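Novice: Quick one, structure for this:
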Amino acid sequence: ELDTGKCVRTFTGHTRTVRSVAVINENMFISGSWDKTIRLWNTTNGQCIRTLIGHARRVSSVAGVANNRCLSGSWDNTIKLWKLDSGECLHTFVGHTRGVSSIAPLDNDRFISGSDDTSIKLWRLSNGGCLKTFTGHSSTVYSLVPVGNDRFLSGSWDKTIKLWNLRPPESNNGNKEGEAIEQSNNE
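Specialist: Down below sits the predicted model:
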């Protein structure tokens, strides 16, 4: 509670470290754990609604996406798209060569993933295809966040934060698509 700082509810059920949580809606959220599972929780009563099982290694990142679905990234080098109402795995995205450490939805049909392989990949939900691979970090990409409709930020173990373009080359003021946008400290 805000006035007292008291914890309102504790959710238990995972058997290893919880690495990621993401809100689905006001009444539900998901969690990803090193126990290789994703859990869907009810915020009202604290109950686990469903456990999603399918990753071979630790789950390190989760995110909610449109149409009552979620994404999970794992140290098994894959990302899975799940249907929350049934627990069915709809698709497994394969392309990273090391563990997936971060996921961020961009819109209803695209998301980005960061990995221990130092790359960031842009994916299409509707067909499972990898649209682009972004390179420039020298270590694990731990954090991704969209910036408007055509850019995103990435944070890495390499001690850098990079701002990236998603716009086509003809509309981005000379920066190449998928290229980190250089920022001067003097501006």
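
Novice: CA atoms for contacts and neighbours, from now on please.
Specialist: Noted.

Novice: mind checking the SS state of the spatially most central residue of the chain?
Specialist: When CA atoms, centre = their mean is applied to the chain, the residue found nearest the centroid is residue 103 (1.5 Å). Using DSSP: H, G, I helix; E, B strand; the rest coil, the structure places residue 103 in strand.

Novice: Who does the nearest residue to it once chain neighbours are set aside form a beta bridge with?
Specialist: The shortest distance from residue 103 to any non-neighbouring residue, by CA to CA, 6 or more residues apart in numbering, is to residue 113 (4.4 Å). Following DSSP bridges, residue 113 is listed with bridge partners residue 103, residue 121.

Novice: so what's residue 113 up against?
Specialist: For residue 113, the contacting residues are 73, 100, 101, 102, 103, 104, 120, 121, 122, 123, 144, by CA atoms under 8 Å, 6 or more residues apart in numbering.

Novice: Residue 162 touches residue 154, doesn't it?
Specialist: Yes: the pair residue 162 / residue 154 is scored as a contact, 5.2 Å apart, by CA atoms under 8 Å.

Novice: Neighbour count: the two, which is higher?
Specialist: Neighbour totals were compared for residue 162 and residue 154, and residue 154 leads with 21 against 17 (other CA atoms under 10 Å).
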